[in-house]
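Sequence plus predicted model, see below.
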Amino acid sequence: MFSVALSHSAFACSRSLVLQPIQRLPLSLRSAGIKRPRSFAPGRYYSAVLREDRNNLLSGVDPSNVETVTRILEQGRRAADRWEVAHSNFLTPPTLHDALLALKRVADIGVVVWGGYSQAERCRLSLGNIEAMNNSVREEIESTSVAAVSISGNFKYDSATHGDFLGAVLGSGIVREKVGDIIVKAEQGAQVLVVPELVGFLCASVTQVRVVPVETSPIALSDLEVVIPRKDVMKTVEASLRVDAIASAGFKMSRSKLQDTLSGGSLFVNWREVNKGGMTLKTGDVVSLRGKGRIEIGEINVTKKGRYAVEILRYL
């Protein structure tokens, strides 16, 4: 049985992924995610995951994510065997999708997905023995696996973007995989999700964003000022569930114009680029079109005439 506590509504990593039990604190800044001059050699630290089952476990995983997913599987197995809880770095939505695809094939590893708030795109996986991953453990994981800091300053006359705040954080020496979502608060600053062990370092290091002096301080996850995206719900009836048909209806554009975006590399399904319109969609798939936003596939029903009535949720 595969257990996932989905605090994360849609599938919102790392080359140097390190999973650490929550009971243990890092012994150095290196283990906490601070860059060091010496390069990390991941192959030294991990054995192959269940060699006889490797092909089955990694079936369907994007080649670019195989290395990361392999490490997550190995760390999950180790945590389950030791009755510990291990945390991944923050994962991008496609890597998260692939990791969960592989983990659901392992019977005794329980998983909690958490990025600090329910709509987070970059999330961490917390892994442990499925028998130990009860509700109280999940609550503890959500309160201890992700932390938040506020970067406040006067950006009224010199507005800063998501990239500016991310640049300031990474400029302190923290690697991207230790940082989750960044919530920009217009002229007031931003709120940054981060691994808990780096909160103190981040608060001491980030004192300026571009040319604006800032104050960086820890905040509770309950103080996050998340703007819930609005969704427009629509329905369409199509002869097939092809991505070109559904996306054409969802983004309100002609099929011929959508074909141009396919050849231009602007259409993504579950954050992966799609170049052919024949891909079949299913409930829960997220379709993104550069410059047009994204849609999520809702309930699908078959009509009496054998066509497909599809609910589409468009993010506004």
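Here it is on my side, so go on. Since the model is a prediction, treat every value here as computed from it, not as a measurement. Numbering: from 1, shown residues only.

Tell me, how many residues neighbour residue 286?
20 (other Cβ atoms under 10 Å). Every C-beta, even on glycine, is put in place using the N, C-alpha and C of the backbone.

what about the residue nearest to residue 210 when sequence neighbours are not counted, how many neighbours?
Leaving aside its chain neighbours, residue 210 sits nearest to residue 164 (5.6 Å; criterion: Cβ to Cβ, 6 or more residues apart in numbering). As a burial measure, residue 164 scores 18 neighbours (other Cβ under 10 Å).

And the pLDDT for residue 164?
In this model, residue 164 is scored at 96, pLDDT.

does it belong to a helix or a strand, and which?
helix 162-171 (DSSP states H and E).

Which other helices and strands does the helix or strand harbouring residue 140 contact?
Taking DSSP H and E as the criterion, residue 140 maps to helix 135-144. Judged by 3 or more Cβ pairs under 8 Å, 6 or more residues apart in numbering; DSSP states H and E, the packing partners of helix 135-144 are strand 109-114.

Neighbouring strands of the strand it packs on in the sheet, and parallel or not?
strand 4-6 (parallel), strand 124-129 (antiparallel) (DSSP bridges).

lowest-confidence stretch among those strands?
Minimum mean pLDDT among the strands paired with strand 109-114: strand 4-6, a mean of 42.

counting contacts, what elements does the longest strand along the chain pack onto?
Identified as the longest strand of the chain according to DSSP state E is strand 293-302. Here strand 293-302 touches helix 243-250, strand 286-289, strand 308-315, going by 3+ Cβ pairs under 8 Å, 6+ apart.

Any idea which of these gets closest to residue 212?
Of all the helices and strands packed on strand 293-302, strand 308-315 sits nearest to residue 212, with 30.1 Å by Cβ to Cβ.

Buried ones in that closest one, by neighbour count?
308, 310, 312, 313, 314 (16 or more other Cβ atoms under 10 Å).

For the residues you listed, could you give me a markdown table that also reports pLDDT and distance to residue 150?
Listed next are the buried residues of strand 308-315 as a markdown table, based on pLDDT from 0 to 100; distance: Cβ to Cβ, whole Å:
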| residue | pLDDT | distance to residue 150 |
| --- | --- | --- |
| 308 | 97 | 46 |
| 310 | 97 | 41 |
| 312 | 96 | 36 |
| 313 | 94 | 31 |
| 314 | 91 | 31 |
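
which of those lies closest to residue 209?
residue 314 (32.6 Å).

In this structure that closest one contacts residue 297, no?
No - contact criterion Cβ atoms under 8 Å: residue 314 and residue 297 do not qualify, at 10.9 Å.

overlap in contacts of those two?
When contacts are counted by Cβ atoms under 8 Å, 6 or more residues apart in numbering, residue 314 and residue 297 have no shared neighbour.

Neighbours of the spatially closest residue to residue 132 that is not a sequence neighbour, how many?
Nearest residue to residue 132, sequence neighbours excluded (Cβ to Cβ, 6+ apart): residue 83, at 5.7 Å. For residue 83, the count of nearby residues is 10 (other Cβ under 10 Å).

Ok, residue 289 next?
The number of residues near residue 289, taken as other Cβ under 10 Å, comes to 17.
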